[in-house]
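Peer 1: My questions are about this predicted structure, shown below with the sequence.
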Amino acid sequence: MKEWQKQERFEALLSGELTDRPIISGWRHFLDKEQNADDLAETTIAFTKQFEWDWVKINPRATYLAEIWGNTFDFHDYNWVFPKQTLAAINKPEDVWDLQRMKPASSPPLLEQLDAAKKIREGLPDTPLTQTIFSPLTVLLFLAGQAAYASSTVYGSDEPVILESLFVNQRAGVHHALRVISETLADYVKELESIGIDGVFYAVTGTAHPELFHEDAFNEFSRPYDSIVLDAVSNGKTILHTCGAYAHPERFNDYDIDGISWDTKATGNPGLDADLKATKIGGVAHELFIKDSSLILEESEKALKEMEGKPFLLAPNCAIPPSVTDEALYQFQNSVMKKGAF
């Protein structure tokens, strides 16, 4: 019988092939360990080894891409996983024209994350690594003080730029900004591949929600710029995450991606039986890790049974809350073993 290695399972499953078992991973923010490369790397390595994850989604601080263009934050004051914004790069609609393409070699936030990724690669030489990258549209919203979720703003953003004033009154400027953001992120992807990252975990966040962007607007302001970033991935795998309610995972069937992650439990979303082309990732509600961890095993087993005989990566439907206990994580980690797949 073939003895599968972690890298082989990851590659095969995301290529639509079956292996000896599904693979499992979980990710969370460590809010006191995400402000520098050494802490993030050490914590990620320790977390991965403790729970024996099959693959890693590196979880940098949620604001790192907005910092490239000058947003600043108070890392002593968090709301959920978001530090308080103290300065936004876009304070009036015409500021979108000021954004310029940035090179990773001259961007402290990107240099920091490349350093962290390199250290994680050295500490986990045999574990597949993916880096979290937000879509250009998501980044633009953060730069304007708007959260990339329906009916919400960035924590600390008292006067965010009104969306209509951007996407209607400054449409050409928005396209300029999205172009330079996407080109910057594409350059970053190439740098990540050069240090041995195995893929990209690409989050369009909540931008597919119709209360934020209807489909025509999404197709105009997200789709072409998503392609620029995703096309930059030449050697690794691409996993797309569409977040929250009404996330429309079917919208991404024609994207050049290998895996698709969405909240199968959120309002307006399909379950694991959705007709999707990419390998499915998820199956367990992330809220259970702090609300009712006794149901983690039940949901995991249900997902594994539903996806039996199909390529599948068992994972939370979104980031695990920072207040999760080790006990809840061990319950989740053991679910594949209890299924008898090892």
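Peer 2: Right, received. Where do you want to start? None of these values were measured; they are calculated from a predicted model. Residues are numbered from 1 along each chain as shown.

Peer 1: Next, give phi and psi for the nearest residue to Asn59 once chain neighbours are set aside.
Peer 2: In this structure, Asn59 finds its nearest non-sequential neighbour in Trp27, 5.0 Å apart by C-beta to C-beta, 6 or more residues apart in numbering. C-beta coordinates here come from the backbone N, C-alpha and C atoms, glycine included. Backbone geometry at Trp27, expressed as degrees, to the nearest 10, gives phi -150, psi 150.

Peer 1: Now do Trp27, the pLDDT please.
Peer 2: pLDDT, Trp27: 98.

Peer 1: Show me what the mean pLDDT comes to for stretch 44-54.
Peer 2: The average pLDDT for stretch 44-54 rounds to 97.

Peer 1: Pull the residues that contact it.
Peer 2: Applying C-beta atoms under 8 Å, 6 or more residues apart in numbering, the contact partners of stretch 44-54 are 6, 9-10, 23-26, 28, 30, 56, 58-59, 116, 119-120, 123-124, 127-128, 326, 329-330, 333.

Peer 1: counting contacts, what elements does the longest helix along the chain pack onto?
Peer 2: In the chain, taking DSSP state H as the definition, the longest helix is helix 171-194. Under the contact criterion of 3 or more C-beta pairs under 8 Å, 6 or more residues apart in numbering; DSSP states H and E, helix 171-194 touches helix 108-123, strand 129-134, helix 136-143, helix 163-167, helix 215-221, helix 223-231.

Peer 1: Indicate which one of those is closest to Met307.
Peer 2: Of all the helices and strands packed on helix 171-194, strand 129-134 sits nearest to Met307, with 19.9 Å by C-beta to C-beta.

Peer 1: distance between the closest one and the chain's centre?
Peer 2: Counting by C-alpha atoms, centre = their mean, to the nearest Å, strand 129-134 is centred 6 Å from the centre of its parent chain.

Peer 1: What helices and strands are in contact with that strand?
Peer 2: strand 56-58, helix 108-123, helix 171-194, strand 199-205.

Peer 1: Mean neighbour count and distance to Lys237 added to these, as a markdown table?
Peer 2: As requested, the helices and strands packed on strand 129-134 are exported to a markdown table (neighbours: other C-beta atoms under 10 Å; distance: least, C-beta to C-beta, whole Å):
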| stretch | mean neighbour count | distance to Lys237 |
| --- | --- | --- |
| strand 56-58 | 24 | 12 |
| helix 108-123 | 19 | 15 |
| helix 171-194 | 20 | 11 |
| strand 199-205 | 25 | 4 |
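
Peer 1: right, and those - which one's nearest Thr72?
Peer 2: For the helices and strands packed on strand 129-134, the distance to Thr72 is smallest for helix 108-123, at 10.9 Å, taking C-beta to C-beta.

Peer 1: Residues contacting the closest one, please?
Peer 2: Counting by C-beta under 8 Å, 6+ apart, residues outside helix 108-123 touching it are 36-38, 40-42, 44-45, 56, 58, 60, 64-65, 67-68, 102, 104-105, 129, 131, 188, 191-192, 195-197.

Peer 1: Among those residues, name the buried ones.
Peer 2: 37, 40-42, 44-45, 56, 58, 60, 64-65, 67-68, 102, 104, 129, 131, 188, 191-192, 195, 197 (16 or more other C-beta atoms under 10 Å).

Peer 1: With distance to Asn269 and mean pLDDT added, can I get the helices and strands packed on helix 171-194 in JSON lines?
Peer 2: Shown next, in JSON lines, are the helices and strands packed on helix 171-194 (distance: least, C-beta to C-beta, whole Å; pLDDT from 0 to 100):
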{"stretch": "helix 108-123", "distance to Asn269": "30", "mean pLDDT": "98"}
{"stretch": "strand 129-134", "distance to Asn269": "20", "mean pLDDT": "98"}
{"stretch": "helix 136-143", "distance to Asn269": "18", "mean pLDDT": "98"}
{"stretch": "helix 163-167", "distance to Asn269": "23", "mean pLDDT": "96"}
{"stretch": "helix 215-221", "distance to Asn269": "16", "mean pLDDT": "98"}
{"stretch": "helix 223-231", "distance to Asn269": "19", "mean pLDDT": "98"}
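
Peer 1: Dump these to a markdown table, plus distance to Gly268.
Peer 2: Formatted as a markdown table, the helices and strands packed on helix 171-194 follow (distance: least, C-beta to C-beta, whole Å):
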| stretch | distance to Gly268 |
| --- | --- |
| helix 108-123 | 33 |
| strand 129-134 | 22 |
| helix 136-143 | 19 |
| helix 163-167 | 21 |
| helix 215-221 | 14 |
| helix 223-231 | 20 |
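
Peer 1: and the gap between His201 and Trp80?
Peer 2: In this structure residue 201 is Phe, not His. Between Phe201 and Trp80 the distance is 19 Å, computed by C-beta to C-beta, to the nearest Å.

Peer 1: no no, Asp326
Peer 2: Remark: distance between Asp326 and Trp80 (C-beta to C-beta) = 21 Å.

Peer 1: Do you know the pLDDT at Ala341?
Peer 2: According to the predicted model, the pLDDT of Ala341 comes to 45.

Peer 1: can you check Ser294 too?
Peer 2: According to the prediction, Ser294 has pLDDT 82.

Peer 1: same deal with Ala150?
Peer 2: 89.

Peer 1: Tell me which helix or strand it sits in.
Peer 2: Of the helices and strands defined by DSSP states H and E, none includes Ala150.
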